[in-house]
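Undergrad: The sequence and its predicted three-dimensional model are supplied below.
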Amino acid sequence: MNTSIRLQLSFMMFLEYFIWGAWYVTVNTYMVTNLQATGQEVSYAYMALAIATMISPFIVGMIADRYFSAQKIMGVLHLAGAAALLLASLTSNTYLFIGIVLVYSLLYMPTIALSNSVAFSQMSDPGKQFPGVRTFGTVGWIVAGLLIGYLAIEKTAAIFYIAAAASALLGLFCFSLPDVPPKGKGDSAAQVLGTEAFVLFRNRSYVVFFISAVLICIPLSFYYSFANLYLNEAGMENAAGKMIYGQISEAVFILAIPFLLRRIGVKKMLLVGMAAWVLRYICFAYGDIGANLWMLYTGIILHGICYDFFFVTGYMYTENRAGEKIKSAAQGLFTFATYGLGMVIGTLFSGMVADYYMLNGTRQWQSIWMVPVYIAAAVMIYFMLAFRDKKPV
């Protein structure tokens, strides 16, 4: 892969995740401020992305891969996505807004897989070359958060203008990317959904891990759906910019995974990840912008351990147990179950909890955050007692 192509792919990844980071983190605050949305309505907006995650494999595997060059369909989807983002900024009707977010999510989520396909097609050694290119995606998310926070626009429609502009730019840029022609013959529905990987359920320990992965998405949903709103209501200035510390910690802690996994094993790695969820929400429950400000920062920074030690380790564990023949199907099934099914359940439940603990128009955040504490603790205990797989990863 020459330098020119590397730069193209890096810029593609930067914009791909800049777009997502520009609106996703702060849309809860936007909805409550501008649409007077309830917690349940906020959860519907986040659920739209989870639904799109479940549907997008069909769009990529059953349609895009068969009939269109990857970079071209990616370009069209981002151009259409730019229009959808602008429409989202124009409506004052909450449910119309949620509908537009669903349409946009159906346009955006397939582009993640497509961007990976474009990148992999140009690499002679993806194992060594892809991480360096993909890192620019994390950088894009961080830059988006810093920009939104610096401009102090997280409560305004400007988040959609910035995301739309970046989406339009990437849409046009995609047509200059190297050609990735259609395969002509796409994967079967079983391959796309990953149902070939059901054979993994013959392993009791993998079933325990799988159930734990779905359930841990409930605490995860609380963070995505309400953390920015909570930090703003708590009085934290530049909350969007401060939340970027979570992405920075994610980039740092992922480097520790290979080192730690060999030394403490997959079970302890996953338990550390789940314990971090418990600690994070305790910090949110008892933190404030006064003497306990450090607890809010700790809760944000723990994102790296929460995400990397459970989900990244989980992807590695899944691939190891699946083997070469069904590893793609296994990863597809794991993604479908967690970021799809798990997040749908989580977003619905977190919205119900946020509305339940509303007193005289004020959210009782301590009570809200203690709910994911109990859930994460229960999942951790269940996993600790039931998981028995001692085979090294």
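TA: On my side now, so go ahead.

Undergrad: A80 and L106, how far apart?
TA: As judged by Cβ to Cβ, to the nearest Å, A80 and L106 stand 10 Å apart. In short, each C-beta sits where N, CA and C put it, glycine included.

Undergrad: Let me know how buried the nearest residue to A227 once chain neighbours are set aside is, in neighbour terms.
TA: Nearest residue to A227 in three dimensions, chain neighbours excluded: M243, at 6.7 Å (Cβ to Cβ, 6 or more residues apart in numbering). The number of residues packed near M243 is 23, by other Cβ atoms under 10 Å.

Undergrad: How about the contacts made by M243?
TA: V25, G145, A227, N228, L231, I300 (Cβ atoms under 8 Å, 6 or more residues apart in numbering).

Undergrad: of A80 and L106, who's got more company?
TA: Comparing A80 with L106 by other Cβ under 10 Å, the one with more neighbours is L106, at 21 against 17.

Undergrad: all strands of this protein, in order?
TA: 358-359, 362-363 (DSSP state E).

Undergrad: Same list (the ones you listed) but as a markdown table, adding mean pLDDT, mean neighbour count and distance to A251.
TA: Formatted as a markdown table, the strands of the chain follow (pLDDT from 0 to 100; neighbours: other Cβ atoms under 10 Å; distance: least, Cβ to Cβ, whole Å):
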| stretch | mean pLDDT | mean neighbour count | distance to A251 |
| --- | --- | --- | --- |
| strand 358-359 | 90 | 10 | 36 |
| strand 362-363 | 90 | 14 | 31 |
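
Undergrad: To C306, which of these lies closest?
TA: Closest to C306 of the strands of the chain, according to Cβ to Cβ: strand 362-363, at 22.1 Å.

Undergrad: what pairs with the closest one, and is each one parallel or antiparallel?
TA: strand 358-359 (antiparallel) (DSSP bridges).

Undergrad: Check the offset of the partner strand from the chain's centre.
TA: 29 Å (Cα atoms, centre = their mean, to the nearest Å).

Undergrad: where's A275 relative to F198, distance?
TA: 30 Å.

Undergrad: the more surrounded of the two?
TA: A275 (19 against 13).

Undergrad: I figured the more buried one hits M380, correct?
TA: Yes - between A275 and M380 there is a contact under Cβ atoms under 8 Å: 6.2 Å.

Undergrad: if we can go back for a sec, how about the contacts of M243 in a markdown table, adding pLDDT, distance to Q129 and neighbour count?
TA: Shown next, in a markdown table, are the contacts of M243 (pLDDT from 0 to 100; distance: Cβ to Cβ, whole Å; neighbours: other Cβ atoms under 10 Å):
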| residue | pLDDT | distance to Q129 | neighbour count |
| --- | --- | --- | --- |
| V25 | 89 | 29 | 25 |
| G145 | 89 | 27 | 29 |
| A227 | 93 | 33 | 23 |
| N228 | 91 | 34 | 26 |
| L231 | 94 | 37 | 25 |
| I300 | 95 | 31 | 26 |
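
Undergrad: which one of those residues sits closest to F160?
TA: For the contacts of M243, the nearest to F160 is V25 (13.0 Å; Cβ to Cβ).

Undergrad: Backbone dihedrals for the closest one, please?
TA: The phi/psi pair for V25 (degrees, to the nearest 10) reads phi -70, psi -40.

Undergrad: and it, what does it touch?
TA: Counted by Cβ under 8 Å, 6+ apart, V25 has contacts G145, I148, E154, Y224, N228, A240, M243.

Undergrad: what about the spatially closest residue to the second one that is not a sequence neighbour, distance to T318?
TA: Pointing back at I148 there. In space, I148 comes closest to A240 once its chain neighbours are excluded; the distance is 4.5 Å by Cβ to Cβ, 6+ apart. To T318, A240 is 32 Å away according to Cβ to Cβ.

Undergrad: Looking at those two, which is more packed in?
TA: Taking other Cβ under 10 Å, A240 and T318 do not tie; A240 has more neighbours (28 against 22).

Undergrad: hang on, the more buried one packs against G145?
TA: Yes - using Cβ under 8 Å as the test, A240 is close enough to G145 to be in contact (5.2 Å).

Undergrad: Which helix or strand in the chain has the lowest average pLDDT?
TA: Here the helix or strand of the chain ranked lowest by mean pLDDT, DSSP states H and E is helix 189-193, holding a mean of 60.

Undergrad: Nearest the geometric middle of the chain, what residue?
TA: Y339 (7.2 Å; Cα atoms, centre = their mean).
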